[in-house]
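Peer 1: following is a predicted model, sequence given first.
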Amino acid sequence: MNRRWLLFIPLAGFLVLAVMLWVGLGKDPSSRDSALIDQPMPEFSLTALDDPTVTIERSDLLGHVTLVNVWGSWCPTCKDEMPQLLALRKAGVRILGVDYKDTRVDARDFLNRFGNPFELSAFDPDGTLGLDLGVYGAPESFIIDAQGIVRYHHTGYIKPDDVKDTILPEIQSWSSS
């Protein structure tokens, strides 16, 4: 019996794997959709960054369109994003900051240095809310409508063009709904 064809099995397996990797490399990881779109914002109860005796919960988001921004002082692109968040805040956008896997001291120092665009700042040292949101890194942002429904997900830092081209139009569309 001729078993030469058995030599092609490893080659065929390698080729299949190579094609799968090639296709994967061509995908933009920042374009992934959140499974939470059109779903309620997850329930959460976190302490405020500046005051551990104050609790911030999902119910604090109800009644207002809110940009939820997941960030950390350890995140270099979060620093790059701060001018855009400050501009959004100046434009009247309500922003909840979720300080993700950080320390209070480092987070406060970061905000003192780069500015604080957040109306509310929740402290998420263990990343529990980040996990519930499906965050795989900071920064990531979510637009939550006045009923507490996730309407938009932005992966990566918000660039200057994103403010006028995407974030503000999304917020305005859900503010008028």
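Peer 2: Noted; the coordinates are in hand. Computed from a predicted structure; not experimentally measured.

Peer 1: residue nearest the centroid of this structure?
Peer 2: residue 140 (1.9 Å; CA atoms, centre = their mean).

Peer 1: isn't that one right up against residue 156?
Peer 2: Yes. Under the criterion of CB atoms under 8 Å, residue 140 makes contact with residue 156 at 7.3 Å. No exception for glycine: its C-beta is placed from N, CA and C like everyone else's.

Peer 1: tell me what the residue nearest to the centre of the chain is bridged to.
Peer 2: residue 70, residue 155 (DSSP bridges).

Peer 1: how much space between it and residue 105?
Peer 2: Distance of residue 140 to residue 105, given as CB to CB, to the nearest Å: 23 Å.

Peer 1: could you do residue 66 as well?
Peer 2: The value you get for residue 66 to residue 105, if CB to CB is used, is 26 Å.

Peer 1: residue 59 too?
Peer 2: Relative to residue 105, and taking CB to CB, residue 59 is found at 28 Å.

Peer 1: just residue 81 next, same as before
Peer 2: Distance of residue 81 to residue 105, computed by CB to CB: 21 Å.

Peer 1: the two: which has the busier surroundings?
Peer 2: residue 81 (23 against 9; other CB atoms under 10 Å).

Peer 1: before we move on, which element is the more buried one in?
Peer 2: Using DSSP states H and E, residue 81 falls within helix 76-90.

Peer 1: what's the angle from the helix or strand that that helix is followed by to helix 76-90?
Peer 2: Next helix or strand after helix 76-90 toward the C-terminus (DSSP H and E): strand 94-100. Here strand 94-100 runs at an angle of 160 degrees relative to helix 76-90 (axes from the mean of the first three to the mean of the last three CA atoms, to 10 degrees).

Peer 1: make 651 the starting number, not 1.
Peer 2: Will do, 651 is the new start, and the previous item becomes strand 744-750.

Peer 1: report the buried residues of the helix or strand following strand 744-750.
Peer 2: Sequence order places helix 754-764 as the next helix or strand after strand 744-750, per DSSP H and E. Buried positions in helix 754-764, judged by neighbour count with 16 or more other CB atoms under 10 Å: 757-758, 760-761, 764.

Peer 1: model confidence over the helix or strand just after helix 754-764, on average?
Peer 2: Using DSSP H and E, the helix or strand that follows helix 754-764 towards the C-terminus is strand 770-774. Over the span of strand 770-774, the pLDDT mean works out to 97.

Peer 1: where in the protein is pLDDT low?
Peer 2: 651-658, 660-663, 665-684, 827 (pLDDT under 70).

Peer 1: hmm, residue 808 and residue 793 touching each other?
Peer 2: No. The pair residue 793 / residue 808 is not scored as a contact, 11.3 Å apart, by CB under 8 Å.
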